[in-house]
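Student: Generate coordinates for the sequence data below:
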Amino acid sequence: MIAGMETVNATQLKNRLGEVLKQAALGPVAIMRHGRVVACLVPPAAVKARVKHRPAARPRWSRRAEERVVELCARGDFRPSRWLRVGDPRMLAGVAAMLASQKGFERTRMLALAERLHPGMSAPAEFGRWLAHSPVQAARFLPMLKARLRGPERPSP
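Tutor: Down below sits the predicted model:
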């Protein structure tokens, strides 16, 4: 068994392929036969990251893009096509992965969105790189989103 890696036996893989593939989209899954690991399923981004890793230029995060993402989240619109219209897929995937840990957002759905926008973003190492180099400031973005989810402020009578 490999430490920290999900494992399934070959029979489980055969009987629950769809479920195992969903697990593999989020992180490596070891396939065991007769008590030994015979194969590993890994997300495509993990393979790409091993083959070649080059840091991308730091994308811009304009106020307009920030407002558009806040609005998409507030409306509950998590269609990748809508998010891709806002800006850089990797940056937006990082936002989706960040929201996966926030109360009120469905973790599985947000991680799936992150993977659709930028394969591999749900992996801790990739998300960590995103955090280190992203122009998105969680301390600013999350309070804006929470305020928008509460709705417009009503003036006191």
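Student: Okay, now the unreliable bits of the chain?
Tutor: Applying pLDDT under 70 to the chain flags residues 1-4, 46-59, 152-157.
Student: Helices of that one, start to end?
Tutor: Listed in chain order, the helices of the chain (DSSP state H) span residues 10-15, 17-26, 44-51, 63-75, 80-84, 89-99, 107-117, 124-133, 138-150.
Student: want to throw these into JSON lines with distance to Met32?
Tutor: (C-beta placed from N, C-alpha, C; glycine too.) Below are the helices of the chain laid out as JSON lines (distance: least, Cβ to Cβ, whole Å):
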{"stretch": "helix 10-15", "distance to Met32": "7"}
{"stretch": "helix 17-26", "distance to Met32": "12"}
{"stretch": "helix 44-51", "distance to Met32": "19"}
{"stretch": "helix 63-75", "distance to Met32": "39"}
{"stretch": "helix 80-84", "distance to Met32": "33"}
{"stretch": "helix 89-99", "distance to Met32": "29"}
{"stretch": "helix 107-117", "distance to Met32": "24"}
{"stretch": "helix 124-133", "distance to Met32": "23"}
{"stretch": "helix 138-150", "distance to Met32": "38"}
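Student: Make a markdown table from these and add mean neighbour count to it.
Tutor: Listed next are those as a markdown table, based on neighbours: other Cβ atoms under 10 Å:
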| stretch | mean neighbour count |
| --- | --- |
| helix 10-15 | 13 |
| helix 17-26 | 14 |
| helix 44-51 | 13 |
| helix 63-75 | 16 |
| helix 80-84 | 15 |
| helix 89-99 | 24 |
| helix 107-117 | 20 |
| helix 124-133 | 15 |
| helix 138-150 | 13 |
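Student: looking at those, which is closest to His34?
Tutor: Among these, the nearest to His34 by Cβ to Cβ is helix 10-15 (8.7 Å).
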